[in-house]
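In: After the sequence you'll find the predicted model.
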Amino acid sequence: MTVSPSHAIERHIVSQLLSPAARAQYHTGDVSHAELRPVVAEIERISAAYTGHSVGATIAQPVSSQQAAEAYALYYTAINAAKIAHLAPLVTSEKKCLRVLDFGSGPGTASLALLAALPHDLSLHCIESSPGMRSVAERLLLSWQGPSRVSSLSFSSSITEALRDEPFDLVVAANSLAELSEDAAAQLMQQLSSVVAPEGFLMLVEPGQPQHTRRLMKVRDSLCSAFTPIFPCTRRDPCPMLAASEADWCHGTLTWAQPPLSCQLDSLLGFNKHRIKYSAFVFQRGGSLRPGVRVIAAAERSKRGTEVLVCGESFYGVTRIRKGARSEGTRALEKALAFERVELSAPAQPELPEGVNSSRSVL
Ligand SMILES: C[S@@+](CC[C@H](N)C(=O)[O-])C[C@H]1O[C@@H](n2cnc3c(N)ncnc32)[C@H](O)[C@@H]1O
């Protein structure tokens with residue numbers, strides 16, 4: 001049976017961070033409440049700090065101890081890793097080993113997700129200001145066992161060292177931009193983009209919240225002259241959604257097989273991560289735009305036909321399949337979920353011509 005990246009990561013974290021008794025319980029059912037009580041208390045505190053802070057305001061470091069870093073890893077890592085593992089197939093390379101820069105690595109979330117989801121070995125450089133997070137990341141990454149291996153691992157507490165390094169095949173910043181002021185985020189983007197190798201990738205992932213996402217959409221616009229956007233955009237001009245509305249936000253929802261400790265912690269915390277909202281942009285230096293349109297809102301029936309809100313090269317808006325024009329060829333567009341990409345045999349337009357063919361893909 002194949003194990004999903006998030007299950008493999010959760011099992012690994014449990015094997016490293018819980019007591020032997022709790023590990024045994026994990027493999028047969030629920031972990032005892034006594035073991036999880038301090039973890040739950042830390043997660044409640046961390047969650048309150050993140051949800052109480054306004055985007056772009058400096059956040060008092062909510063993970064300042066080893067215990068907090070371990071609690072963060074036990075709950076947030078599987079959830080955040082699911083998003084990165086979902087996007088990982090966009091990173092393609094002939095190389096056996098990829099050089100990866102993981103900015104704001106926390107307990108090594110993005111690095112673990114890539115190890116679990118990519119066929120490549122990884123040479124990792126993690127930038128992380130919290131000593132507790134660095135220590136947990138080191139432990140989790142050095143003990144990782146899987147088909148993909150950590151070929152080297154280094155850490156720094158700020159980006160300055162990485163700027164002196166060789167360029168990276170992949171630079172990831174996951175859930176760390178919102179902690180920076182707008183100016184600091186702009187400067188960071190310049191620094192991170194300067195270390196992406198030719199044909200290399202830049203992956204930005206943020207929590208699925210409107211403010212975080214709108215901010216990320218602006219960052220996306222600032223990067224499109226130096227990079228080709230390859231997810232979710234199939235266009236490189238300024239984001240039409242930003243211009244069309246002051247509230248809309250470009251995001252997706254992942255339905256995942258939630259691993260067992262994540263489910264148990266959810267029920268103790270009163271949270272629900274059964275489905276995960278997220279926003280993300282992936283860029284490639286060089287590379288080419290993906291064909292087709294991104295579905296922004298899935299098909300809805302109206303009096304005039306079936307309407308799908310899409311975004312793609314030269315078109316942002318509702319495209320309609322007229323009543324009576326539905327066919328085998330339009331089925332993929334009709335069935336596509338929000339954030340899926342659909343290729344059409346005719347350019348997207350307000351009313352699709354008869355006989356159009358469509359095909360859909362998750363990325
Ligand atoms: C919300 S956590 C995200 C951790 C991990 N990337 C994830 O997705 O689970 C943000 C991390 O970024 C780190 N961080 C924030 N600003 C930083 C900076 N300027 N330099 C290094 N690390 C930073 C924080 O210490 C924290 O561990």
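Out: In hand now; what should we look at? Numbers count the residues shown, from 1 in each chain.

In: Residue 315: neighbour count?
Out: One way to gauge burial is a neighbour count; for residue 315, by other CB atoms under 10 Å, it gives 17. In short, each C-beta sits where N, CA and C put it, glycine included.

In: Give me the distance between it and the ligand.
Out: When CB to the nearest ligand atom, to the nearest Å is applied, the distance between residue 315 and the ligand equals 33 Å.

In: Repeat that for residue 120.
Out: Taken as CB to the nearest ligand atom, the spacing of residue 120 relative to the ligand amounts to 19 Å.

In: do residue 23 as well
Out: Distance from residue 23 to the ligand, counting by CB to the nearest ligand atom: 22 Å.

In: in what helix or strand does whichever residue of the stretch 201-350 of the chain sits closest to the ligand lie?
Out: When scored by CB to the nearest ligand atom, the stretch 201-350 of the chain has residue 205 as its residue closest to the ligand, at 6.9 Å. Residue 205 belongs to strand 196-207 when elements are defined using DSSP states H and E.

In: any idea of the mean pLDDT in that strand?
Out: When pLDDT is averaged over strand 196-207, the result is 97.

In: cool, and stretch 24-43?
Out: On average, the pLDDT along stretch 24-43 is 97.

In: In three-state terms, label residue 73 for me.
Out: The assignment at residue 73 comes out as helix when based on DSSP: H, G, I helix; E, B strand; the rest coil.

In: Which helix or strand contains residue 61?
Out: Counting by DSSP H and E, no helix or strand carries residue 61.

In: The residue nearest to it when sequence neighbours are not counted and the ligand, how far apart?
Out: The shortest distance from residue 61 to any non-neighbouring residue, by CB to CB, 6 or more residues apart in numbering, is to residue 130 (6.0 Å). The gap separating residue 130 from the ligand is 4 Å, by CB to the nearest ligand atom.

In: Give me the pLDDT for residue 130.
Out: For residue 130, the pLDDT comes out at 95.

In: you'd agree the residue of the stretch 201-350 of the chain closest to the ligand is up against residue 277?
Out: No. Proximity of residue 205 to residue 277 does not meet the contact threshold set by CB atoms under 8 Å, at 11.8 Å.

In: more crowded one of the two?
Out: Using other CB under 10 Å as the criterion, residue 205 and residue 277 rank with residue 205 on top: 25 against 16.

In: which residues does that one bridge with?
Out: Counting by DSSP bridges, residue 205 forms beta bridges with residue 174, residue 280.

In: got the contact list for it?
Out: Applying CB atoms under 8 Å, 6 or more residues apart in numbering, one finds that residue 205 lies in contact with 80, 83, 84, 87, 110, 172, 173, 174, 175, 278, 279, 280.

In: count of residues packed around the second one?
Out: Other residues lying near residue 83 total 28 when counted by other CB under 10 Å.

In: which stretches of the stretch 1-150 of the chain form strands?
Out: Shown for the stretch 1-150 of the chain, the strands assigned by DSSP state E, counting those that start in this stretch span residues 97-103, 121-127, 150-156.
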